[in-house]
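**Student:** Mind looking at a prediction? Sequence and model below.
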Amino acid sequence: MKFIRLLLFPFAIMYAIITSMRNFLFDVGLLKSTSFNKPIIVVGNLSVGGTGKTPQIEYLIRVLKQHKLAVLSRGYGRETKGFVLADRSKKATDIGDEPLQFFRKFKDIIVAVDEDRVHGISQLNAANVLLLDDAFQHRKVTAGFYVVLTKYNALFSNDFVLPAGNLRERRVGIKRANAVVITKCPNTITTEDQNETEKLIRRYFDGPIFFSTITYADVLLNTKKEEIRTSEIGDYEVLLVTGIANPTPMLEYLTGLNCRYTHVNFPDHHQFTEKEINALQHQFDALKSSTKIIVTTEKDFVRLSDIVPNVYYLAIETSFINGQKEFDSLIVNYVSSAL
């Protein structure tokens with residue numbers, strides 16, 4: 001793999017030049033960026049792959065619950081185009097799995113998708129605060145606050161641009177951020193580990209840095225709202241189905257619960273075919289235990305719940321290891337000052 005990436009290095013240099021020139025043109029105003037007269041918070045990253053944007057968006061929804069809030073996403077994986085507003089009739093194929101998850105989970109917010117974020121924002125006049133999902137590189141919108149996520153075990157500061165690495169732009173792009181959140185930290189992270197990690201980020205960023213981890217729910221829920229406590233999952237044989245960028249943390253969590261599982265992994269945002277669903281059903285039927293269940297992630301659940309009977313999901317949340325009050329204050333103060 002390292003040899004292949006070395007061969008790709010010249011292409012990465014070209015990619016870095018192109019993205020840097022694009023950012024420069026936005027910075028000096030030769031490419032147009034639109035501002036709006038309302039608070040807009042962007043959650044994004046420098047790298048491709050899962051850094052935990054979905055639970056971070058949900059965290060911000062909870063922090064800002066007193067406002068009329070809208071979440072705008074591109075709607076990755078949907079089969080529609082243009083602006084689409086979420087409602088009860090919409091499926092993942094209409095708006096994407098993550099926006100559908102937001103809509104079903106939070107009843108008092110507006111959820112919409114549009115690949116043209118400027119157009120999408122202009123349609124959301126009923127909201128007074130906007131969250132933009134995965135829009136750090138979407139320079140056509142000038143937001144007021146940028147939260148950039150980077151995974152603890154895959155820091156942007158140790159990476160390189162595509163295709164030799166996983167970065168969408170050069171590391172110095174982090175300077176546009178207002179706050180950096182290091183996500184998916186181990187629960188056992190020490191103060192010394194945090195200090196060493198922060199030093200790596202400080203080479204490129206001098207703003208506030210926070211550490212967070214993933215917290216799993218105490219219960220699994222299915223389509224009938226039936227519950228199984230996670231402490232009891234060891235009593236079941238599990239067919240685990242995932243279609244997310246990085247299922248490793250979930251695998252480690254279930255292993256720690258002494259869960260007996262067979263893992264079937266699909267690409268991120270995968271749209272399941274009838275043939276694949278039939279194959280999963282056959283695989284589930286072949287499990288020998290009399291107590292067996294199908295388990296998936298919350299994001300996959302919105303795609304599977306309509307086609308797989310009684311599938312269970314395990315919800316996750318972002319929890320801050322340090323500085324939660326400081327982070328919340330940054331967000332609340334920004335919104336208050338911009339209203």
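**Tutor:** Looks like it arrived, so ask away.
**Student:** most centrally placed residue in the chain?
**Tutor:** residue 53 (2.5 Å; Cα atoms, centre = their mean).
**Student:** helix or strand for the closest residue in space to it that isn't next to it in sequence, which one?
**Tutor:** Of all residues not flanking residue 53 in the chain, residue 43 sits nearest, at 5.3 Å (Cβ to Cβ, 6 or more residues apart in numbering). All C-beta spots, glycine's among them, are computed from the backbone N, C-alpha and C. Taking DSSP states H and E as the criterion, residue 43 maps to strand 40-45.
**Student:** Tell me what angle the helix or strand following that strand forms with strand 40-45.
**Tutor:** Reading on from strand 40-45 to the C-terminus, the next helix or strand found by DSSP H and E is helix 53-63. On the basis of axes from the mean of the first three to the mean of the last three Cα atoms, to 10 degrees, helix 53-63 is oriented at 150 degrees to strand 40-45.
**Student:** got the contact list for the next helix or strand after helix 53-63?
**Tutor:** Next helix or strand after helix 53-63 toward the C-terminus (DSSP H and E): strand 69-73. Strand 69-73 has contacts (Cβ atoms under 8 Å, 6 or more residues apart in numbering) with 57, 61, 95-96, 98-99, 102, 108-114, 117, 120-121, 124, 126-127, 129-134.
**Student:** re earlier: pull out the buried residues from the strand holding residue 43.
**Tutor:** If you call a residue buried by 16 or more other Cβ atoms under 10 Å, then strand 40-45 has these buried ones: 40-45.
**Student:** name the helices or strands packed onto that strand?
**Tutor:** helix 53-63, strand 129-133, strand 145-151, helix 324-338 (3 or more Cβ pairs under 8 Å, 6 or more residues apart in numbering; DSSP states H and E).
**Student:** which outside residues touch it?
**Tutor:** Contacts of strand 40-45 (Cβ under 8 Å, 6+ apart): 51, 53, 56-57, 60, 121, 129-138, 141, 143-150, 156, 168, 331, 334-335.
**Student:** mind listing what's buried in the longest helix along the chain?
**Tutor:** When the chain is parsed with DSSP state H, its longest helix is helix 9-27. Within helix 9-27, the residues scored as buried using 16+ other Cβ under 10 Å are 12, 15-16, 19, 23, 26.
**Student:** got the contact list for residue 106?
**Tutor:** 58, 61.
**Student:** tell me the domain boundaries of the protein?
**Tutor:** Here the domain assignment for the chain is 2-214+319-338, 227-309, based on automatic domain parsing.
**Student:** Using CSV, please lay out those together with distance to residue 221 and mean pLDDT.
**Tutor:** CSV is the format used below for those (distance: least, Cβ to Cβ, whole Å; pLDDT from 0 to 100):
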stretch, distance to residue 221, mean pLDDT
domain 2-214+319-338, 11, 95
domain 227-309, 6, 92
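**Student:** Thank you, goodbye.
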